[in-house]
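In: Fold the following, please.
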Amino acid sequence: MFIDCSNTLPQFQFEDSQELNPNNTEYRLLFGPRWAQLAGWTKEEFFQQVELHSIEYVMQQVYAKLDEEFAMDNFLNMLRKANIAYHAIHNMDYGRDSSTPPVDHEVVAEILKQYPNRFIGFAGFNPHKGTESLKTVRKAITEQGFKAVVIPPYEHGVKADDRKYYPLYALCDELGIPIWIHSSINYFRETSVFLDHPSNLEAPLMDFKNLKIIAGHGGWPWIPDMIAMLLKYENLYVDTSAFRPRYIAEPNTGWDMFMYYANTLIQDKIVFGSDWLTLGMPINEVIEEVEAWPLKASVKEKFFWKNANKLFKLGLEKPAVTTIIRGES
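Out: This is a model prediction of the structure:
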């Protein structure tokens, strides 16, 4: 059984390219071939098309195919077959100014209502939108069934320890809900690679004693720093999402220290997160590679679902969840 703490919905991942931030060209070139593979293309076919057409046009064709492949019924069937008990919906609020209103959580709220005990809603916050954004987060948590908050500092252009985030941290501390924070490399050409360094999580952890943070994407390439933080701060957790599991387990990829300590001192701090939609890998293939990791059986159980079950207060027991998954229509 798995609880996936880092993901979204296909309709959010494969949005119309016309609505994508024009600064995301590097991301589209990086992840486009992976998404094209999910749509049935080869990488070679993808790059051949990019040579002939604009990246925007090519991605429109990819998205159109993915919209068919990942309709909700098909999507739920994929999760069921992979034994995903809960799947995250990160409803991000992007942007570096207040020119647009806070992200709408209504669509996700309806999905949470329509498919109970299937998704974990993460409410997006944007520090540039101030009190209005904070209000939407509070409503999402207290009225709309969301269980967590999500922020991508590199998208906002400010570090996680910026005081603009502090009202949000205070709210999460007050309500006892975890917050997922992007804590790894970013590929924005005009944004510092160090903006999402794990050390930026230290001040919030020190200033808010009950604040629970999930360091998203494992802290790579700063794994030693990430491990030091995990060893020191009780309320810090980590996932390894958005990186192909096979490479995480390989020596000399920068993950060696994570794999060593995951079996020992940080085994209660690790949670499963895949971002399989971003990776462009079917979820069952991601899980096969994760299950091959050299972790003890007891640690795998904690990593796959037990730690997240406790963190999100889901109250699940393995036999009961297995029954629910098999009986889901």
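
In: Mind pulling the model confidence for the residue sitting furthest away from the middle of the chain?
Out: Going by CA atoms, centre = their mean, the residue of the chain most distant from its centre is Leu52, 33.0 Å out. Per-residue confidence for Leu52 comes out at a pLDDT of 92.

In: Just checking: what are the partner strands of whichever strand or helix holds Trp180?
Out: Trp180 belongs to strand 179-182 when assigned by DSSP states H and E. In the sheet, strand 179-182 lines up against strand 148-151 (parallel), strand 213-216 (parallel) (DSSP bridges).

In: could you point out which element follows the first one?
Out: From strand 148-151 onward toward the C-terminus, using DSSP H and E, the following helix or strand is helix 153-156.

In: quick one, what contacts Lys269?
Out: Going by CB atoms under 8 Å, 6 or more residues apart in numbering, Lys269 touches 230, 236-238, 307. In this view, the C-beta of every residue, glycine as well, is placed from N, C-alpha and C.

In: Okay, now the unreliable bits of this structure?
Out: 15-29, 319-329 (pLDDT under 70).

In: let's see 90
Out: Scanning the chain for pLDDT under 90 picks out 10-47, 50-51, 54-71, 187-189, 278-281, 317-329.

In: which strand of it spans the most residues?
Out: strand 84-91 (DSSP state E).

In: And the contacts of that one?
Out: So strand 84-91 is contacted by 1-9, 12, 79, 103, 105, 108, 111-112, 117-124, 148, 150, 180, 273, 283, 305, 308, 312, 314, 316, 321, 324-325 (CB under 8 Å, 6+ apart).

In: how about a cut-off of 6 Å?
Out: 1-9, 79, 105, 108, 119-122, 124, 150, 321 (CB atoms under 6 Å, 6 or more residues apart in numbering).

In: cool, and stretch 305-323?
Out: 1-3, 5, 85, 147, 178, 271.

In: Compare these and tell me which has the most neighbours.
Out: Cys5 (30 neighbours; other CB atoms under 10 Å).

In: Return the residues in contact with it.
Out: 88, 239, 271, 273, 308 are the contacts of Cys5 under CB under 6 Å, 6+ apart.

In: Nearest residue to it in space, please, no chain neighbours.
Out: Gly273 (4.3 Å; CB to CB, 6 or more residues apart in numbering).

In: Also Ile287?
Out: Ile287's closest residue in space is Ala82 (CB to CB, 6+ apart), at 5.7 Å.

In: domain parsing for this protein?
Out: Following automatic domain parsing, the chain resolves into domains at 2-9+71-327, 12-68.

In: Just the ones in helices from the contacts of Cys5, please.
Out: Ala308 (DSSP state H).

In: Would you reformat the contacts of Cys5 as a markdown table and include distance to Ser98?
Out: A markdown table is the format used below for the contacts of Cys5 (distance: CB to CB, whole Å):
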| residue | distance to Ser98 |
| --- | --- |
| Ala88 | 27 |
| Asp239 | 30 |
| Val271 | 32 |
| Gly273 | 30 |
| Ala308 | 33 |
